[in-house]
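1. give me coordinates for this.
(3 chains)
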Amino acid sequence: MVHASNTDHLSALLTDLTDPQREAVCHTDGPLLVLAGAGCGKTRVITRRAAYLARTVTKPRNVLAITFTNKAAAEMYERISALGVGSEMTICTFHSLCYRLLRIHHERAGLPEDFTVFDSADQRKVIQLAIARAQLSADNWSPARLQGVISNAKNAMVTASRFANDANDWSERTVAKVYEAYEMVLAEQHGLDFDDLLLKLAFLLRDDEEFRRQLERRYTHVLIDEYQDTNSAQYLIAHLITEQNKNICATGDPDQSIYGWRGADIGNILRFEEDHEHAQVVRLERNYRSTKRILAAASSVIEHNVQRKDKTLWTENEEGARVRVLVTSDSDEESETIASELAERRNNGEDLSDVAIFYRLNSLSRTVEEALLHGGVPYQVARGVEFYNRKEIKDVLAYVRLLINVHDEVSLTRIINTPTRGIGKTTIDRIIAHARATGREMFEFVFEPESVPTLKNAAIGKVRAFAELLGTLRTVTQESPSIALERIIRESGLQASLKGEGSGFDSDPMENINELISAAATFERDRTDATLVDWMAHTSLLSDVDAVEDGSGRATLMTLHAAKGLEFPVVYIIGLEDGLLPFQREPGDPTYNEEEERRLCFVGMTRAKRELTLSHTKYRMVRGVSERKSKSPFIDELPGADIEVVDHTANGADSSRRGWLDDLPHDIAQWGPGTLVRNDDWGLGRIEWIRRNGAQVHLEVTFAKGPTKTLILPFANLERVDFDEVGEGAFDY
DNA sequence: TGTATTTATGTTTTT
DNA sequence: CATAAATACA
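-> Numbers count the residues shown, from 1 in each chain, chains lettered A, B, ... in the order given. Alright, predicted model coming up:
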């Protein structure tokens, strides 16, 4: 058996690469920045480069590649394995890297061994406790708002004590108090929030030189993808790990920076050359993904950003179909149109795995889902996180976390009476009060309820029974995740309590729990001797896209944010409306960032390989009421030559949707937006919109001499006026 | 104590 | 509208 020589292996890694791509792959020493436009073969460069490094200057186990999602990490792992390079490379997200290192080095980091990751819901509970602890009324401080403020502070690496020092006015001092209390409660419960994972590792690296050197010896070469979306802590981690050897390779695209709101600093990538002397910079601007027209449309939009490094994407791909701009009268019609198009594609034998639908807000998926469901179109929604937010799933996970970390009071209070075992609010409050008064922890008194003086005998018995349950379950942490879960749901009584439920219209909770168990089974299939602790951490750090299945034959729905890094032959982006795609909460919203919104739109558009449809409607249901919408300013930034407007609302094309008007008296069935009317009090007016609201018909009329009025039809006292009667000029406003 | 009903309240985007 | 907290009731 003759083995291929190392040289052969190397040349295999360099075949079918362009010059700049090869340049990036072969750069083995010192800092490297790859500015890779959307669809320019960045993933290919990263995987080849990682393999190349491992074959030339270092070993697989010394390469660290950091990706943005677990899904991306898994894919990179696959591709590198396919290149025949050992599987010992570390490929993961920042958060999972931090988690692993902090767990191994918990002592150095000053963390308890049994710490667990607290998700946003847990975080909110801790904030509520902290508000109580800081003795504030939650009136002016919604937990959600404080959560945001604290998270922002952590993202900027501002600790609670520094926040308190920097606080200038009363309101900042108030937040500081909550922040400090929050940190205390979190520490007591041995919990780390998402931001802590990054922060604690960054501080550990900064303060512990020996650790830093140790890590640097392990990871001689570090690759960081999506560098434009790194925050301060991630930036610091990246720099500290590569402090001595300088082998940092950052890849990314400033035009795709879309996480500024969570502390990502686009400046990190823009400053790379200043940060690193003699940094090599490689630009990838040839796009292999999209048609010429799609690329032209996307470029035309992104060019409207003022603060931007110039970059011109180009492609040798075919010209392709025009980008469609779909106009419909309301969100239902928008969804139905898309659903029927997908149904037709399927009838034509097309694979719906090729199709993706993107939107700015999760809430927009609803109408689309309804239409797809109704039309029998198979689809999946990228929202792994939502699955884990279901009540029954959270209950099971609370058991797991409590069994891993008894200090987790959030989980303890959640499950102490789930399923109901007669331990009510009063009992719980008394245990907590006594724990506070004695300076001990809640779980201690769960195990010895008789020492809580305020507790009655009946309550003591019930609590003791619960403590015994926990004692019995204690051993599940030694079991494999799926076995552990099965034991938990059986022995806790959750299974029995859920048996009767589930006949309702909602999805069966027991079915969801079974899905959770099979997820655990899948997890342990891939790795030998996976523990419950591993699985719990993995589960805590899942992202929405991680749940997306490829090639499932279903269309995929996801937010524009989740779409980053993916590609689909056919893409729909819905809701390109003013205030929605450049998203703006309210008119003077201080957090409004038009350029980032435009980048988001750009990211969405550049996911498309072959076909792209941008859709907006005239009325959209928002929080249960239909709202008038005008098209997104981004639509006007599209190049006219590359787009085709498909307007379902143009000249009576939407008559079917006005069918409900027909059974009204008078000739109102003929009325619609634009119809001229007269009212005795207000004079001449023009109908803006007209729609049914319950049994009534509402319409909005703009009057020539005054304001816009919303009227209810039977009382509106309107009379139709013909345009000829009035003449030109009457509506010059 | 637990459950059902009502009322208030609120929201991008995510690891 | 959709969830969570507050209140009323069994």
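2. so which bits of chain A are right by DNA strand C?
-> A:128, A:366, A:621, A:623-624 (C-beta under 7 Å from any atom of the strand). Any C-beta I mention is one placed from the backbone N, CA and C, and that applies to glycine too.
3. near DNA strand B, which of the residues you listed show up?
-> Within those, those near DNA strand B by C-beta under 7 Å from any atom of the strand are A:R623.
4. the residues of chain A next to DNA strand C in helices, which ones?
-> The helices, defined by DSSP state H, take in A:128, A:366 from the residues of chain A next to DNA strand C.
5. now the two most distant members of the residues of chain A next to DNA strand C.
-> Spatial extent of those (C-beta to C-beta) is set by the pair A:Q128 and A:M621 at 31.9 Å.
6. and the residue of the stretch 601-733 of chain A closest to DNA strand C?
-> Of all residues in the stretch 601-733 of chain A, the one sitting closest to DNA strand C is A:G624 (2.9 Å; C-beta to the nearest atom of the strand).
7. can you read off the pLDDT for that residue?
-> pLDDT recorded at A:G624 is 73.
8. what is the burial count for it?
-> Using other C-beta atoms under 10 Å, A:G624 is surrounded by 5 other residues.
9. where does pLDDT dip in the stretch 351-500 of chain A?
-> A:499-500 (pLDDT under 70).
10. need the residues of it near DNA strand B, please.
-> Going by C-beta under 7 Å from any atom of the strand, the residues of the stretch 351-500 of chain A near DNA strand B are A:360-363, A:385, A:417, A:420-427, A:459.
11. how does it look with 6 Å?
-> A:360-363, A:385, A:417, A:420, A:422-424, A:426-427, A:459 (C-beta under 6 Å from any atom of the strand).
12. then chain A?
-> A:69, A:93, A:95, A:120, A:142, A:144, A:194, A:261-262, A:360-363, A:385, A:417, A:420, A:422-424, A:426-427, A:459, A:541, A:543-545, A:559, A:561-562, A:583, A:585, A:591, A:623.
13. in which helix or strand does the nearest residue to A:Y182 once chain neighbours are set aside reside?
-> Leaving out its chain neighbours, the residue that sits closest to A:Y182 by C-beta to C-beta, 6 or more residues apart in numbering is A:A130, at 4.0 Å. Per DSSP states H and E: A:A130 is located in helix A:120-133.
14. give me the packing partners of that helix, helices and strands only.
-> helix A:143-155, helix A:170-188, strand A:191-193, helix A:409-415 (3 or more C-beta pairs under 8 Å, 6 or more residues apart in numbering; DSSP states H and E).
15. how about these in CSV, adding mean neighbour count?
-> Listed next are the helices and strands packed on helix A:120-133 as CSV, based on neighbours: other C-beta atoms under 10 Å:
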stretch, mean neighbour count
helix A:143-155, 18
helix A:170-188, 19
strand A:191-193, 23
helix A:409-415, 23
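16. output those as JSON lines; include the columns distance to A:E468.
-> As requested, these are exported to JSON lines (distance: least, C-beta to C-beta, whole Å):
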{"stretch": "helix A:143-155", "distance to A:E468": "34"}
{"stretch": "helix A:170-188", "distance to A:E468": "25"}
{"stretch": "strand A:191-193", "distance to A:E468": "26"}
{"stretch": "helix A:409-415", "distance to A:E468": "14"}
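17. A:S335: which of these is closest?
-> Here helix A:143-155 is closest among the helices and strands packed on helix A:120-133 (C-beta to C-beta), at 29.2 Å.
18. tell me the buried residues in the following helix or strand past that closest one?
-> Using DSSP H and E, the helix or strand that follows helix A:143-155 in sequence is helix A:160-166. In terms of neighbour count (16 or more other C-beta atoms under 10 Å), helix A:160-166 has its buried residues at A:160, A:163-164.
19. ok, so of those, who is nearest A:L186?
-> A:A160 (10.1 Å).
20. what sits against that closest one?
-> A:176, A:179-180, A:182-183 (C-beta atoms under 8 Å, 6 or more residues apart in numbering).
21. what about it, distance to A:E107?
-> 23 Å (C-beta to C-beta, to the nearest Å).
22. got it, and A:E209?
-> Taking C-beta to C-beta, one finds A:E209 at 16 Å from A:E107.
23. A:D193 now?
-> Taking C-beta to C-beta, one finds A:D193 at 21 Å from A:E107.
24. can you report how many residues lie near A:D332?
-> Neighbours of A:D332 (other C-beta under 10 Å): 18.
25. tell me which element it is part of?
-> Going by DSSP H and E, A:D332 is part of helix A:331-347.
26. and if you look at A:A537?
-> helix A:532-540.
27. what does the helix or strand following that helix contact?
-> Next helix or strand after helix A:532-540 toward the C-terminus (DSSP H and E): strand A:555-559. For strand A:555-559, contacts defined as C-beta under 8 Å, 6+ apart pick out A:342, A:352-353, A:355-362, A:365, A:368-369, A:372, A:377-383, A:544-545, A:548, A:568.
28. separate out the buried members of these.
-> A:342, A:352-353, A:355-360, A:362, A:365, A:368-369, A:372, A:377, A:379-383, A:544-545, A:548, A:568.
29. narrow those residues to those in helices?
-> Reading helices off the buried ones among the contacts of strand A:555-559 with DSSP H, I get A:342, A:365, A:368-369, A:372.
30. so what's the predicted local confidence for A:S171?
-> Taking A:S171 on its own, its pLDDT is 79.
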